[in-house]
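Student: let's see this in three dimensions:
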Amino acid sequence: MLFNSLIFVVFALLFFLVNNLIRKNVKGRLFWLTLASFFFYGWWDWRFLFLIIFSGLVDYFSALGMNRYIRHRRFFLIASILANVGSLSLFKYSGFIAHNIDLLLGLSGNFALSNNINNFFLITPVGISFYTFQSMSYTFDVYKHKLEPTRNVLHFFAYLSMFPQLVAGPIVRAKNMLPQLLKARPVTTSEKWEGFRYIVKGYFKKMVIADNLAPLVVAAFSSPQVNESSMYWWGVVIAFAFQIYCDFAGYSDIARGLAKWMGYDFPDNFNHPYISTSLREFWTRWHISLSTWFRDYLYIPLGGNRKGKFRHHLNMWITMVVSGLWHGAAWTYVAWGAIHALFLSLERIAGLASWTKQNVTAKAVGWVLVTVQVLVAWVFFRANNINQAWEITKTMFAFQGEATLGWGFSGTIFISLMIVWEAIIGFKLNKKFKQVHPLVEMAFYAIIIALIIFFRGEGSEFIYFQF
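Tutor: Predicted structure coming up:
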């Protein structure tokens, strides 16, 4: 069920109608939230529900087992990891692994492992990477004594399956969300208005910007021949950079807005990443809930930066490559993670992150370097295969072909500049937005809604649903 669909509007109206009627009844509210979330998720394919229920039950009972059988805590943690990583491996990576084994051993036809695997796992369940990571964070925190496990199974599944962020995040931590679910307080007027702001801005980012850029990007990467114009590909990659940002940040904004209307707070998932002056800063602004998840549950347990420079870089490389693989079962995603790891290593060896903070000139140079690095990495993220990504990258830096962009690419650059302006100037003005007369603010959002209605692109699924 897509946020940008009529059926979701009907679903949301019915959900909030019932939710407001039973708000003071905690058990009833938890049951209704779980039931509605299961319906929301099962709308794609009801069979997917068995997977999220299985994953949730394993972690629910594993957490209780850790709390009761102290000596066997590690056993229950391993059971949780195996269940979640095993589910991911079967449904998301089994075909990828089998295909590479086929290539390595030269298997084909009826002997090919990939043909047999794909007969069983044809479809990757929507959002499986998100809810498995969210579920594992619960058992990790219980294992580390950072959280007491809940004994109410509805309480746990209301947290795990909450529909606003179920299929594309943000990845909400149990220690922050579980206490909120037990509160039966009314939603204030300011929270309703704040939720409205998030939702409108989210739909604008998705439907007006991302969906209008999508056809341009799809046409470029779907072409059987790589266009030989360098300017063409710089325009395409810039378009994709803002498409994926507005698509994903738009979803996160809508999710945060819906949560506000329910009386809950979700963490900020994006903080104007394209104004970063170092790659390290970029990763504190982009997909924050995932980057902090990898930091807390992979990078730091591996040793972080506490075991010397070599281990520091090694741990960072492992984290970034796994992060790339988390996004999809393809070598392009692995390459994307490795490219970021390479640039991060070079940046840290050269001390660029500190240097770019010295003055305006250093910040400007840092911004240019980071922007180029991020755009090059996006080529590998979006490309259909490594060969296409490499050909596009070579073309971009060959500085060849016609210099004119045409109307489509002029529009892309114009929209890009608008977003950069919003990031640099608009964000600062938003802090003072409460001083603006309410009628002015209402008029502003009325214009945004009009743009959503009349200038929306062709509706498409959110990009991160595939992850």
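
Student: can you name the element that comes right after the helix or strand of the chain with the lowest mean pLDDT?
Tutor: The helix or strand of the chain with the lowest confidence, counting by mean pLDDT, DSSP states H and E, is helix 427-430 at a mean of 51. Moving toward the C-terminus from helix 427-430, the first helix or strand encountered (DSSP states H and E) is helix 438-454.

Student: thought residue 299 was touching residue 314?
Tutor: No: counting by CB atoms under 8 Å, residue 299 stays clear of residue 314, with 10.7 Å between them. (C-beta placed from N, C-alpha, C; glycine too.)

Student: which one of these two has more residues nearby?
Tutor: Here residue 299 and residue 314 are compared on neighbour count by other CB atoms under 10 Å; more neighbours surround residue 299, at 22 against 16.

Student: which residues touch the residue nearest to the more buried one when sequence neighbours are not counted?
Tutor: When the adjacent residues along the chain are set aside, residue 299 lies closest to residue 319, with 4.4 Å between them (CB to CB, 6 or more residues apart in numbering). Residues near residue 319 by CB atoms under 8 Å, 6 or more residues apart in numbering: 294-295, 298-299, 302, 341.

Student: dump those into TSV; add distance to residue 88 and secondary structure as well.
Tutor: Formatted as TSV, the contacts of residue 319 follow (distance: CB to CB, whole Å; DSSP: H, G, I helix; E, B strand; the rest coil):
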residue	distance to residue 88	secondary structure
294	15	helix
295	19	helix
298	14	helix
299	19	helix
302	19	helix
341	21	helix
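
Student: need the three-state assignment for the residue nearest to residue 299.
Tutor: Using DSSP: H, G, I helix; E, B strand; the rest coil, the secondary structure recorded for residue 319 is helix.

Student: now do it against residue 456, distance only.
Tutor: The gap separating residue 319 from residue 456 is 37 Å, by CB to CB, to the nearest Å.

Student: still on that earlier bit, make a PyMOL selection of the buried ones in the contacts of residue 319.
Tutor: The buried residues among the contacts of residue 319 can be selected in PyMOL (16 or more other CB atoms under 10 Å) with this line:
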select buried, resi 294+299+302+341
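
Student: residue 441: which of the contacts of residue 319 is nearest?
Tutor: residue 295 (36.5 Å; CB to CB).

Student: now the helix or strand containing residue 88 - C-alpha only, CSV.
Tutor: Taking DSSP H and E as the criterion, residue 88 maps to helix 73-88. Included here for helix 73-88 are C-alpha records, laid out as CSV according to Å, rounded to 0.1, in the frame of the first residue of the first chain:
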residue,chain,number,x,y,z
ARG,A,73,22.1,-14.9,26.9
ARG,A,74,24.6,-15.4,24.1
PHE,A,75,22.6,-18.4,22.8
PHE,A,76,19.4,-16.4,22.5
LEU,A,77,21.3,-13.5,20.8
ILE,A,78,22.8,-15.9,18.2
ALA,A,79,19.3,-17.4,17.7
SER,A,80,18.0,-13.9,17.0
ILE,A,81,20.9,-13.1,14.6
LEU,A,82,20.6,-16.4,12.7
ALA,A,83,16.8,-16.0,12.3
ASN,A,84,17.0,-12.4,11.0
VAL,A,85,20.1,-12.7,8.9
GLY,A,86,18.9,-16.1,7.7
SER,A,87,15.6,-14.6,6.5
LEU,A,88,17.5,-11.8,4.7
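
Student: now do the buried residues in it.
Tutor: Taking 16+ other CB under 10 Å as the neighbour-count basis, helix 73-88 is seen to contain the buried residues 73, 76-77, 79-81, 83-84, 87-88.

Student: what of stretch 6-23?
Tutor: The neighbour-count criterion (16+ other CB under 10 Å) identifies 8, 11-12, 15, 18-19, 22-23 as the buried residues of stretch 6-23.

Student: same deal with stretch 307-327?
Tutor: Of the residues in stretch 307-327, 312-321, 323-327 count as buried by neighbour count, 16+ other CB under 10 Å.

Student: in the stretch 251-400 of the chain, which spans are helices?
Tutor: With DSSP state H, counting those that start in this stretch as the criterion, the stretch 251-400 of the chain has helices at 279-285, 288-294, 300-302, 308-327, 331-350, 352-355, 360-382, 386-396.

Student: what are the phi and psi angles of residue 210?
Tutor: Backbone torsions for residue 210, taken as degrees, to the nearest 10, come to phi -60, psi -50.

Student: tally of neighbours for it?
Tutor: Per other CB under 10 Å, the neighbour tally for residue 210 reads 25.

Student: tell me how far it lies from residue 461.
Tutor: 11 Å.

Student: now do residue 36
Tutor: Look at residue 36 and residue 461: by CB to CB, they are 21 Å apart.

Student: look at these two and report which has more neighbours.
Tutor: Set residue 36 next to residue 461 and count neighbours by other CB under 10 Å: residue 36 wins out with 21 against 12.
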